[in-house]
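**Q** got a predicted structure here, sequence first:
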2 protein chains.
Amino acid sequence: MSSPHESAAFPEPRWRRLPEERPQQIIDAALAEFGDRGLAGTRLEDIAKRAGLSKGTIYLYFPNKEELFREVVRRNVVSQLEENERRLGEQAVSATEALTDYMRRYWTFIRSSKFAPLFRLIHAEIHNFPDLARFYAEEVVARGQRLIAGIITRGIETGEFRDVDPFVAARMLAAPFVMHGLWCTHRECFTSVAKKTDEQVLDELMQFYLHAIQPCTCNSRSKSVSTQ
Amino acid sequence: MSSPHESAAFPEPRWRRLPEERPQQIIDAALAEFGDRGLAGTRLEDIAKRAGLSKGTIYLYFPNKEELFREVVRRNVVSQLEENERRLGEQAVSATEALTDYMRRYWTFIRSSKFAPLFRLIHAEIHNFPDLARFYAEEVVARGQRLIAGIITRGIETGEFRDVDPFVAARMLAAPFVMHGLWCTHRECFTSVAKKTDEQVLDELMQFYLHAIQPCTCNSRSKSVSTQ
DNA sequence: ATTATGTTACTGACGGGTCAGTAACATGTT
DNA sequence: AACATGTTACTGACCCGTCAGTAACATAAT
């Protein structure tokens, strides 16, 4: 009644002005669409629809489709970076603890809804956008592996791990995590992980990997392979 | 320069009729193009050009682009299958030998020019062609992992390998191989394998994996196993 | 607190280029 | 000659990017 805006007649405006939020909305929608259909297969109208906008609005914030694609990759890679290097300070704990902790966070990221689309995108368009690919490979992959290698080096020094090349070991950690992440996003296809929960898969990954880098488990009791 | 003055002798036909070879030529060219640019991003004219044909010819052998795509995947998946299960009979050798032999052949296949494009294709279009994806996942991935699991099971029985879930171990083998295959196809990006040859990478993979499934290497080799 | 005026955010129809698919024509083969 | 195989030129649908127009919001004036 007392409201100057007529509540009965026009309660819902057809659209709202949200210039601050638009870029992120568009990027999120674009990641989803690009991830499903690829760069060439995605229509800007579909991105707009998913973001609840019209196509023209996208061009208010991004010069063209390709530049939007670049921003989608860059923004998400950067956010992955930040996520990756959060909580890096606790060097007090044992290398094993640091490693299992890292694996847990790594797995959480890989199983997040953003990883698989991003991975597909980068690998699908790696030829057409070598600069993006290089950025990703250097700033995320290599950087992450240096991080892991650091933990492993410490573990070797303390005698927790056997004497392996830390960078080889880092790749041997990342590879199964990534592949299992991809498989788990298509459980309906990949029967080998179909009946397993994310937690189970993580446990298997961790157990197997820890055994691979531990010097020897003869003396300790390691009968923890549980089969239902 | 194309003045056909020497018309009588051999006019050098502008093209030849090779109906037997065309399908495979087209499929090979299509795999390469699709692998680079994706399904939507590939022009049929580019496939034709790569195959040394004109676009219309493709339509003599395939009804449309999508069906060509399906055939590309199917044909190559089947050939991968055949490759995969060749030389499977030698059950006389030790499980370790069988496994290292398998890993060598697996790596050769993964490093062949056909694997990476096929992998990218399947993972890029997995949503749009669920039947193909399922076919691939079941007939190639699962089947291959059953094969590995069989070898590992035998190795566990003979005491060569520690007591792991053979299917977990199979996944833990396949995952690093596939990921390293992808990385190695983009050595210019992925610096962690940039300076390594394929043979080096394979050695690292094999050594690391064998250590992961061997029971213990504390007391040298010739560890007596009381099975009888 | 209503109206007038101005500004910003957004819309959606359209032009133009691209490309899958086709039809008309050409050449090799038998 | 008659057919099979291949090429070239063309069509029409589709989609990117543009822009004239409109809705939401802001501020000033009455």
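**A** Cool, got the structure.

**Q** just the pLDDT for the residue in chain A positioned nearest to DNA strand C.
**A** Here chain A gets closest to DNA strand C at one residue, A:Gly56, 2.0 Å apart by CB to the nearest atom of the strand. No exception for glycine: its C-beta is placed from N, CA and C like everyone else's. A:Gly56 is assigned a predicted lDDT (pLDDT) of 95.

**Q** same question, A:Asn84
**A** pLDDT, A:Asn84: 74.

**Q** so A:Pro19, which state does it fall into?
**A** The three-state assignment at A:Pro19 reads coil, by DSSP: H, G, I helix; E, B strand; the rest coil.

**Q** where's it relative to B:Leu44, distance?
**A** Counting by CB to CB, to the nearest Å, the gap from A:Pro19 to B:Leu44 is 42 Å.

**Q** please identify which of these two sits among more neighbours.
**A** Neighbours were counted for A:Pro19 and for B:Leu44 using other CB atoms under 10 Å in any protein chain shown; B:Leu44 has more, 18 against 9.

**Q** contacting residues around the spatially most central residue of chain A?
**A** Against the mean C-alpha coordinate of chain A, by CA atoms, centre = their mean, the closest residue is A:Phe115 at 3.2 Å. A:Phe115 sits next to A:Gln80, A:Phe109, A:Gly181 when contact means CB atoms under 8 Å, 6 or more residues apart in numbering or on different chains.

**Q** most neighbours, which of those?
**A** The most neighbours of any of the contacts of A:Phe115, using other CB under 10 Å, belong to A:Gly181, which has 21 neighbours.

**Q** please name the nearest non-neighbouring residue to it.
**A** The shortest distance from A:Gly181 to any non-neighbouring residue, by CB to CB, 6 or more residues apart in numbering or on different chains, is to A:Ile110 (3.7 Å).

**Q** pull the contacting residues for the closest residue to A:Ala174 other than its chain neighbours.
**A** Excluding its sequence neighbours, the residue lying closest to A:Ala174 (CB to CB, 6+ apart) is A:Gln145, at 6.2 Å. By CB under 8 Å, 6+ apart, the contact list for A:Gln145 reads A:Phe167, A:Ala170, A:Arg171, A:Ala174, B:Ser192.

**Q** and the least confident of these?
**A** Least confident of the contacts of A:Gln145 in the model: B:Ser192, at 93.

**Q** how many other residues sit next to it?
**A** B:Ser192 has 21 nearby residues by other CB under 10 Å.

**Q** what ranges does chain A have for its helices?
**A** Here chain A has its helices, by DSSP state H, at A:22-41, A:44-51, A:55-61, A:65-85, A:95-110, A:115-124, A:130-136, A:143-158, A:166-184, A:198-213.

**Q** any idea of the angle the fourth one forms with helix A:44-51?
**A** Think helix A:65-85. Here the directions of helix A:65-85 and helix A:44-51 differ by 40 degrees (axes from the mean of the first three to the mean of the last three CA atoms, to 10 degrees).
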